[in-house]
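Enquirer: Task: produce atomic coordinates for the following.
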Amino acid sequence: MKKTLVAAAACAAASIACAQSSVTLFGVLDAAVAYTTGSGPISSSKWQLTNSSNTFSRLGFRGTEDLGGGYAAGFWLEAGLQNDAGTGYLTNTNNQISGTTGGGGLTWSRRSTVSLSGPFGEVRLGRDYTPTFWNTALFDPFGTGGGIGANHVYFASQSGLAAPTGTRASNSVGYFLPPSLGGVYGQLMVATGENDSRAVLPGPIPLSTQDDGNYAGARVGYLNGPFNVAIATGKTTYATGDLRMTNFGISYVVESLMNLKLMAEYYDESLGSIDGEGALLGLNLPVGPGEIKLSYARYERDALVGLQKPTSSKVALGYVHNLSKRSAMYVTVARISNSNGAAQSLGGVLTSPNSASTGTEFGFRTAF
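Expert: Numbering: from 1, shown residues only. I've put the predicted structure just below:
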């Protein structure tokens, strides 16, 4: 149940004039019981009560003010929640490791933006999704959830190239194309690490950190009925080696087959001299009041000279049963297989190189 507050009452109480406005309180709470296990000589298993396995738990406020003439001002504050333990999520202040916050208090880690929109499109200022992560949200059957089925979590852990700008960027200016371009959509973003121009790292060959945490990225796509395709790229500057990410996604809804949605995504990234690439195939199939999710993902990263590339593949199968428009129960099973020295696992358990890891989770999610 969304609660909408009419800001006109507040304007009248404050004896000021304002246009028609609204503020909405919203949120999601998601919890699951998960069991994951590794295999091989060095392995472990674990029972956990996790959060955000289907949809990330959150608490937020968003609002708009009609400025007339097709223009509107807006804001969006959204905090991530770890409801299994009653804590918030960390955030990052400067797109660098040094800016990661401590503790587990409530932060507006997911989104914190003020915006102006109109016939020209929309400009957002603050913390927001990077262009490359938007493709993950659109072309992964498990979306942006954090459970054992989530492929964005799998890619980040396998690559070892996770960085503060892998999902969101702070101190950003973003521009979104207007929705009136015949199905063409797109996004531009720049963000700054906010460093002193004279900062240097000590050492025999000082490395300038002036540009550390500076980000630039773009995304362009085309949506026409059941067909959707998009490509995105982004770069974050670091003195120790730039982070570059590029991905391409495509989906198609087969209306004659119960609105079966087929998806595919290719992912390429590098951090300095380290390179990795991955791909996934997946589908969403509506079944009565629920939906079946299935994905196959594969990732490999560069190896030392003369060695084969460490490679992991992951299969995930899930079912979401909608109890209402806001609440659902779900189950997911997944398995990761490793080769060429890779040792990826599910749920943070230990698994030996070239061995497998499996997991199962049962959860409940409700929104308001």
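Enquirer: Can you give me the pLDDT of the residue nearest to Ser180 when sequence neighbours are not counted?
Expert: Distances taken as Cβ to Cβ, 6 or more residues apart in numbering place Pro119 nearest to Ser180, at 7.7 Å, with adjacent residues excluded. The C-beta positions use only the backbone N, C-alpha and C, and glycine is treated the same way. Looking at Pro119, its pLDDT stands at 97.
Enquirer: count of residues packed around Pro119?
Expert: By other Cβ atoms under 10 Å, the residues close to Pro119 number 9.
Enquirer: for the one 4 residues further on, same thing?
Expert: Val123 sits with 16 neighbouring residues when counted by other Cβ under 10 Å.
Enquirer: Okay, now the unreliable bits of the chain?
Expert: 1-19, 103, 153-162, 198-208, 304-306 (pLDDT under 70).
Enquirer: can you pull the buried residues of the lengthiest strand in it?
Expert: Criterion DSSP state E: the longest strand present in the chain is strand 21-37. For strand 21-37, burial by neighbour count (16 or more other Cβ atoms under 10 Å) applies to 21, 23, 27-32, 34-37.
Enquirer: again, but for stretch 122-129
Expert: Buried, per 16+ other Cβ under 10 Å, within stretch 122-129: 122-124, 126-129.
Enquirer: Please apply the same query to stretch 83-90.
Expert: 83-84, 88-89.
Enquirer: What of stretch 299-311?
Expert: When burial is assessed from 16+ other Cβ under 10 Å, stretch 299-311 yields the following buried residues: 299-301, 309-311.
Enquirer: and the longest strand of the chain, what other elements does it pack with?
Expert: strand 3-6, helix 7-13, strand 45-51, strand 58-68, strand 356-367 (3 or more Cβ pairs under 8 Å, 6 or more residues apart in numbering; DSSP states H and E).
Enquirer: Taking strand 356-367 as reference, get the angle to that strand.
Expert: 150 degrees (axes from the mean of the first three to the mean of the last three Cα atoms, to 10 degrees).
Enquirer: For the residue nearest to Ser180, what are phi and psi?
Expert: Backbone geometry at Pro119, expressed as degrees, to the nearest 10, gives phi -60, psi -20.
Enquirer: Show me the buried residues of stretch 299-311 that map onto strands.
Expert: Going by DSSP E, the strands hold 299-301, 311 from the buried residues of stretch 299-311.
Enquirer: Using JSON lines, please lay out the buried residues of stretch 122-129 together with secondary structure.
Expert: Formatted as JSON lines, the buried residues of stretch 122-129 follow (DSSP: H, G, I helix; E, B strand; the rest coil):
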{"residue": "Glu122", "secondary structure": "strand"}
{"residue": "Val123", "secondary structure": "strand"}
{"residue": "Arg124", "secondary structure": "strand"}
{"residue": "Gly126", "secondary structure": "strand"}
{"residue": "Arg127", "secondary structure": "strand"}
{"residue": "Asp128", "secondary structure": "strand"}
{"residue": "Tyr129", "secondary structure": "strand"}
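Enquirer: Of the residues you listed, which is the nearest to Ser345?
Expert: Tyr129 (27.0 Å; Cβ to Cβ).
Enquirer: From Tyr215, how far out is the closest one?
Expert: Separation of Tyr129 from Tyr215 (Cβ to Cβ, to the nearest Å): 12 Å.
Enquirer: Now tabulate the helices and strands packed on strand 21-37 in TSV and tack on distance to Gly105.
Expert: Converted to TSV, the helices and strands packed on strand 21-37 look like this (distance: least, Cβ to Cβ, whole Å):
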stretch	distance to Gly105
strand 3-6	24
helix 7-13	28
strand 45-51	16
strand 58-68	13
strand 356-367	23
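Enquirer: most tightly surrounded among the ones you listed?
Expert: The highest mean neighbour count among the helices and strands packed on strand 21-37, using mean count of other Cβ atoms under 10 Å, belongs to strand 356-367: a mean of 21.
Enquirer: Need the contact partners of that one.
Expert: 26-39, 50, 53-55, 147-148, 326-338, 344-347, 349, 351 (Cβ atoms under 8 Å, 6 or more residues apart in numbering).
Enquirer: Could you do stretch 291-299 as well?
Expert: For stretch 291-299, contacts defined as Cβ under 8 Å, 6+ apart pick out 140-142, 149, 151, 154-155, 158-159, 267, 276-285, 311-320, 322, 332.
Enquirer: Would you list the buried entries among those?
Expert: For the contacts of stretch 291-299, a burial check counting by 16+ other Cβ under 10 Å picks out 140-142, 149, 151, 154-155, 158-159, 267, 276-280, 282-285, 311-314, 316, 318-320, 322, 332.
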